[in-house]
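Participant: Okay, sequence plus prediction incoming.
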Amino acid sequence: MIAYIIRRLLLLPLILFGVTILIFGMLELLGPEKLVSAYIRGPEAEKVAGATQKIIEKYGLDKPLPVKYERWLGNVLKGDLGWSLVGKQPVLSAILSRFPYTLELALWAIIPVVFVGIWLGIISAVHHNKFLDHFLRVFAIIGWSFPDFVFGLFMILIFYTQLGWFPPGYLSFDMERVVTSSQFVNYTKMVTIDSILNLRFDVFLDALRHLIAPVITLAYLWWAYILRITRSSMLEVLRKEYIRTARAKGLSEDVVINKHARRNALIPVATVSGQMIIALLAGTVIIESVFNRPGLGRFVAMAATQLDYMSIIGGALFYSILLVLGNLIVDVSYALIDPRIRLQ
Amino acid sequence: MESKQPLLKVNNLKTYFFTDDGVVKAVDGVNFEVYPGETLGIVGESGCGKSVTSLSILRLLDEKGKIVDGEIIFEGKDLVKLDENKMREIRGNDIAMIFQEPMVALNPVYTVGDQIMEAIILHQKVHKDEARKIAIDMLRKVGIPEPEKRVDEYPHELSGGMRQRAMIAMALSCHPKLLIADEPTTALDVTIQAQILELMKQLQKDLDMAIIMITHDLGVIAEISDRVAVMYAGKMVEYTDVKRLFKNPKHPYTWALLNAIPRLDIEQERLFSIPGVVPDALHFPSGCKFHTRCEFATEKCRNEEPGLIEIEDGHFVACWNIEKLEAAKDRVEVGENK
Amino acid sequence: MLRDEIKKNTKKFFKNPTAVLGLFLLVFFIIIALFAPLIAPPKDPNNPYRIPIATWSLEPKPPSPEHPFGVIGQRDIFYGVIWGTRTAFRIGLIVAGISAIIGIIMGSLSGYFGGWIDEVLMRITDIFMSLPFLVAAMVLTTVLGKGLDKVMIAMIVFGWMGTARLIRGNILQVKEEQYVLAAKALGVRDSLIILKHVIPNTIFPVIVQVSMRMGSLVITAAALSFLGLGAEPGYADWGTLLSYSRNWLTQFDKAWFSIVYPGVAMVLFVLAWNLVGDALRDIFDPRLRG
């Protein structure tokens, strides 16, 4: 187990190094002209005439690739990811200031995904081949086939246009004024948490109202996926002999399923949960654009449409670091759930 | 022994499986009784219904299996009619069970101690610390060294023999009156098999419990049983005490089984070399189920099913041609004497 | 022998109602794609993927006999949905096909040679998997300069890793099998063994994987078009049609048809592939059934 974690930790810098090469490679694909213009769009360009030459020298744009990479990596390690055209600020601060919004959305989505998905999967397996199981299976496969942004558009069409319940956006106009006012303290920059800390429950409810539709949109796909995985893994576990042993002990069906079967059945679910959290974060690129919410996702999408190269490269780097670290955490916690791995 | 009240009495038990391909009559009218403190062996080839019989007693059949007829009287109560809650009070408490493969029969994600304590806490209503003491005690009783340490280990950390001992400790932790052992030694090495059987005999004496030993291995039967039921294709074909069974088998199937044992080497694992194969459970033959493989089969065997009849005190056989078998036995003996 | 197997599996496939539904939907879409010129005759036969301008008004127009699915962004939605079927097939088949081939090559090299080659190739695979697929495809598309062809290139570049791992795993497994060790002991060449035993073991899982990916690839491409990175405006593509609706976010009652028709087409298309892929997986890999 410890050897396994050490191996994973040793691989981590290697993978991150590879990722920087990959991303630098994509930046280089721009070609020299676009590259210069991507760098030059910063505030430096407005200050002096002849800034182009300075930029070229500063970033070594006329130097061979290894030198360019070294300079680029040096800047990245210092936190200098360039100037964001869309954010009108350095890329790193643009990313960091928007990330809490996205994290908040993703965290809210995880709750229904994990609880409802696992719960439905277990129900489906326990009712194997009965009506409820068939119904949930069909639900899962339709859910899995529904493109998230189409689903989001349907949500808006039904719950906003038709019913007027859940408007798109982040906060209603009045509440946005409250949040930006000086009395409102932004502790975490996640409005659902901050509003409670500020004891502004009206803000909280308003934020929730704007969250429900995007959260469901982000979650349903993973509901379906987690349901399917839990179901098949649960079915497999329920056929195991140790389940029969547990029943032979006289344990109630409740204990058999929720203690003996569930823990074993959740092992494969845990392996996809890391993938899921990353996908939820990445999914916000589309969902935030559909629902017109501020956040990293919409920032990256806007940067892409406006050819703000420094921002999308920075965004890609940020997402990949999240993914690599997320996978590491999942692998380690996976080892903690399954004693067979823990002791190897 | 026969004068005592039986602890368990199974009357005309029928357990069918309703599969997509048709109805499988896995157990089709089985009768036997188990007396306190004795060991009943149920022997037969795989698929004969012996395991299904044992699972029926505890009502642990999967969703496709149903007890369609018969009664299972345990201490005066019919287990077939008992509601699920009452049944759970009996499982693990009055009747416990151990299974063939101790690796897959123990939950890999909980410690051995955890799994033993579960039953103790449930049935004896004791506190966790107390249950732990009982569990350690039990592990010591089944001969596991360093039980204080082993109690916190996971199943995969134990060897096969140790796991089966842990399984036995778990089953016996609530002092059941009846232990059902479904091929408990089949997956183990020969030397360990003998140790486990010895252990079971010892514990049976100490705890005064009855055992139903389910096995395909007549060697195990000879070692541990008082009385034996021989099953074939969902039916009991012979039922008597162990001495008479080995000395004077009355059913051609039993006789064939005994002849298939290499005489000098009882420990060998696979024994049978009866001509033909076990019939497909979906399409059992008409008449006597064994007629397709029986050298004495007549027209009557093909058409009419023989009932289990008591041919002498406590010796039941289901066969139309008992005399023919006797004649054959004589021939073999004459042949051997030459 | 093989024929019996195919016969048995075909029977199994048709016994599964959801598989039949999937196949039916797929055939339906194939027919639409094949007969697109008859169902929605192009105004400019040299450029059939341009949706002709239907009106000069920027307001969406609800369905009418002339424009059965309505008009959005001056374009006839019906025409876009019909020709968009061809676009969807083209994206899915090209991207899934080429990335599967790359994956097969990478995985075979890795599994066959093993050792440091395997180590290097697998780390490269890890690195490519360290970017979320959608983000990676988006960034590369942008860097390459937008457009449907760039979207496809980007999805291929970041889409081969799953197949590579699958193939590598299968080769490693086959290498361990008894009959392969036996063949090796008899002096049969490695490459011959791999060819003979790996291909039958691998071809079906790859087919299953490709059919399961078809749907998600079409979704990703449409999402990029929806954001404005894929097909240019006016191109017959479901994602592009849907992107018009973004301008009417707060007035969807005026533009519902621009979501419903292309949206339903996409859902059914993806559903078809997922149902077929699911059924194929059940048949070829009984372990995953449940």
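Facilitator: Perfect, I can see it now. Numbering: from 1, shown residues only, chains lettered A, B, ... in the order given.
Participant: Just the helices from the stretch 151-290 of chain C, written as ranges.
Facilitator: Remark: helices assigned in the stretch 151-290 of chain C by DSSP state H, counting those that start in this stretch are C:161-176, C:178-185, C:190-227, C:238-244, C:252-284.
Participant: Was I right to think B:Ile311 contacts B:Lys250?
Facilitator: Yes. B:Ile311 lies in contact with B:Lys250 (Cβ atoms under 8 Å); the separation is 6.4 Å. Where you see a C-beta, it was placed from the backbone N, CA and C, and this is true even at glycine.
Participant: who has more neighbours, those two?
Facilitator: B:Lys250 (22 against 12; other Cβ atoms under 10 Å in any protein chain shown).
Participant: Shouldn't the more buried one be within a helix?
Facilitator: No. When DSSP: H, G, I helix; E, B strand; the rest coil is applied, B:Lys250 is found to be coil, with no helix at that position.
Participant: how about the residues of the stretch 1-150 of chain B near chain A?
Facilitator: B:58, B:60, B:63, B:88-93, B:96-97, B:99, B:101, B:104-110, B:115, B:118-119, B:122-123 (Cβ under 8 Å from any Cβ of the partner chain).
Participant: Of the residues you listed, select the buried ones using a ChimeraX command.
Facilitator: Buried subset of the residues of the stretch 1-150 of chain B next to chain A, written as a ChimeraX selection, criterion 16 or more other Cβ atoms under 10 Å in any protein chain shown:
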select /B:58,60,88,90,91,92,93,96,97,99,101,104,105,106,107,108,109,110,115,118,119,122,123
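Participant: returning to what we had before: need the residues touching each of B:Ile311 and B:Lys250.
Facilitator: Counting by Cβ atoms under 8 Å, 6 or more residues apart in numbering or on different chains, the residues touching both B:Ile311 and B:Lys250 are B:Val317, B:Ile322.
Participant: Mind listing the residues bridging to the residue nearest in space to the middle of chain B?
Facilitator: Closest residue to the average C-alpha location of chain B: B:Ile214 at 1.9 Å, with Cα atoms, centre = their mean. Legend: beta-bridge partners of B:Ile214 under DSSP bridges are B:Ile42, B:Asp182.
Participant: wait, it sits on B:Lys50?
Facilitator: Yes. If you go by Cβ under 8 Å, B:Ile214 and B:Lys50 touch, sitting 4.9 Å apart.
Participant: which residues are common contacts for those two?
Facilitator: With contacts taken as Cβ under 8 Å, 6+ apart, B:Ile214 and B:Lys50 have B:Ile42 as neighbours in common.
Participant: hmm, back to that, give me the distance between the residue nearest to the centre of chain B and B:Lys133.
Facilitator: Here B:Ile214 is placed at a distance of 32 Å from B:Lys133 (Cβ to Cβ, to the nearest Å).
Participant: Name the single longest helix found in chain B.
Facilitator: Ordering each helix of chain B by length in residues (DSSP state H) puts helix B:190-207 first.
Participant: just checking, which of the residues of the stretch 1-150 of chain B next to chain A belong to helices?
Facilitator: When those are checked against helices (DSSP H), the matches are B:Leu58, B:Arg88, B:Glu89, B:Ile90, B:Val104, B:Ala105, B:Gln115, B:Glu118, B:Ala119, B:Leu122, B:His123.
Participant: Any idea which residue is closest to the centre of the chain?
Facilitator: In the absence of a named chain, chain A is used. A:Leu281 (1.3 Å).
Participant: not quite, I wanted chain C
Facilitator: Residue closest to chain C centre, computed by Cα atoms, centre = their mean, is C:Met214 at 2.1 Å.
Participant: Please list all residues in contact with that residue.
Facilitator: Neighbours of C:Met214 in contact, by Cβ under 8 Å, 6+ apart: C:Gly92, C:Leu93, C:Ala96, C:Val270, C:Trp273, C:Gly277.
Participant: Let's have these in TSV, adding neighbour count.
Facilitator: Formatted as TSV, these follow (neighbours: other Cβ atoms under 10 Å in any protein chain shown):
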residue	neighbour count
C:Gly92	25
C:Leu93	13
C:Ala96	25
C:Val270	26
C:Trp273	26
C:Gly277	21
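Participant: Which of those residues sits closest to chain A?
Facilitator: Nearest to chain A among the contacts of C:Met214 is C:Val270, at 4.3 Å by Cβ to the nearest Cβ.
Participant: Show me which residues of the stretch 101-250 of chain C are close to chain A?
Facilitator: Residues of the stretch 101-250 of chain C found near chain A (Cβ under 8 Å from any Cβ) are C:123-124, C:126-128, C:130-136, C:138-144, C:215, C:219, C:222-223, C:226-229, C:242, C:245-246, C:249-250.
Participant: Only whichever of the residues you listed are buried, select them in ChimeraX.
Facilitator: Filtering those down to the buried ones (16+ other Cβ under 10 Å) takes a single ChimeraX command:
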select /C:124,126,127,128,130,131,132,133,134,135,136,138,139,140,141,142,143,144,215,219,222,223,226,227,228,229,242,245,246,249
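Participant: downstream neighbour of the helix or strand that contains B:Lys14 in the secondary structure list?
Facilitator: Element membership for B:Lys14 (DSSP states H and E) is strand B:8-19. Per DSSP H and E, the first helix or strand lying C-terminal to strand B:8-19 is strand B:22-34.
Participant: Neighbouring strands - and their directions - for that next one?
Facilitator: In the sheet, strand B:22-34 lines up against strand B:8-19 (antiparallel) (DSSP bridges).
Participant: The partner strand: which residues count as buried?
Facilitator: By neighbour count on 16+ other Cβ under 10 Å, the buried set for strand B:8-19 is B:Leu8, B:Lys9, B:Val10, B:Asn11, B:Leu13, B:Lys14, B:Thr15, B:Tyr16, B:Phe17.
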